[in-house]
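**Student:** sharing a model prediction with you, sequence too.
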Amino acid sequence: MFLSTCIEIPKCIELDSRLKPNDKNKLYVEISNTCEYDLVLSLYVGTRDNKSLYSFSIELNAKEKKHIEIPLEDYLNIIVISGEWSLKGTALKIPLEEIIIYR
């Protein structure tokens with residue numbers, strides 16, 4: 001007889017991204033760790049055709065918020081933010097929901 005176990009993985013990372021109102025060539029991303037664990041976030045910023053522009057590795061303590069500003073080139077009309085997170089010290093990576101920003 002086999003026993004199976006389901007583990008519910010909480011959504012620990014929330015991203016709020018927007019273009020800066022006074023500077024359309026900067027993308028502002030607020031990152032929130034909503035869980036009680038220290039996390040490591042790998043964040044990728046690129047184009048719709050998978051050209052990588054920037055990548056970041058960010059450590060977040062439990063319940064911590066951070067923000068980053070990303071410079072953008074004038075020719076970019078569509079920006080894609082993707083990534084993954086893991087509990088600090090573990091190898092299991094949980095993907096983030098992709099965010100698409102139209103300029």
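**Tutor:** Thanks, I have it. Residues are numbered from 1 along each chain as shown.
**Student:** pick out the residue nearest the middle of this protein.
**Tutor:** residue 43 (4.6 Å; CA atoms, centre = their mean).
**Student:** sheet partners, orientation included, of the helix or strand hosting that one?
**Tutor:** Element membership of residue 43, judged by DSSP states H and E, is strand 39-46. Strand pairing for strand 39-46, determined by DSSP bridges: strand 52-60 (antiparallel), strand 78-87 (antiparallel).
**Student:** any buried residues in the helix or strand following the shortest one, and which?
**Tutor:** Spelled out, that is strand 52-60. Remark: after strand 52-60, the chain's next helix or strand is strand 65-71, criterion DSSP H and E. For strand 65-71, a neighbour-count test (16 or more other CB atoms under 10 Å) marks residue 70 as buried. Glycine gets a C-beta too; all of them are placed from N, C-alpha and C.
**Student:** stretch 82-89 - what's its average pLDDT?
**Tutor:** Average pLDDT, stretch 82-89: 95.
**Student:** and the contacts of it?
**Tutor:** Applying CB atoms under 8 Å, 6 or more residues apart in numbering, the contact partners of stretch 82-89 are 12-13, 37-44, 46, 59, 92-96, 98-99.
**Student:** repeat that with 6 Å
**Tutor:** Residues outside stretch 82-89 that contact it (CB atoms under 6 Å, 6 or more residues apart in numbering) are 13, 37-44, 92-96, 98.
**Student:** please pick the buried ones from those.
**Tutor:** The neighbour-count test (16+ other CB under 10 Å) marks 13, 37, 39, 40, 41, 42, 43, 44, 96 as buried among the contacts of stretch 82-89.
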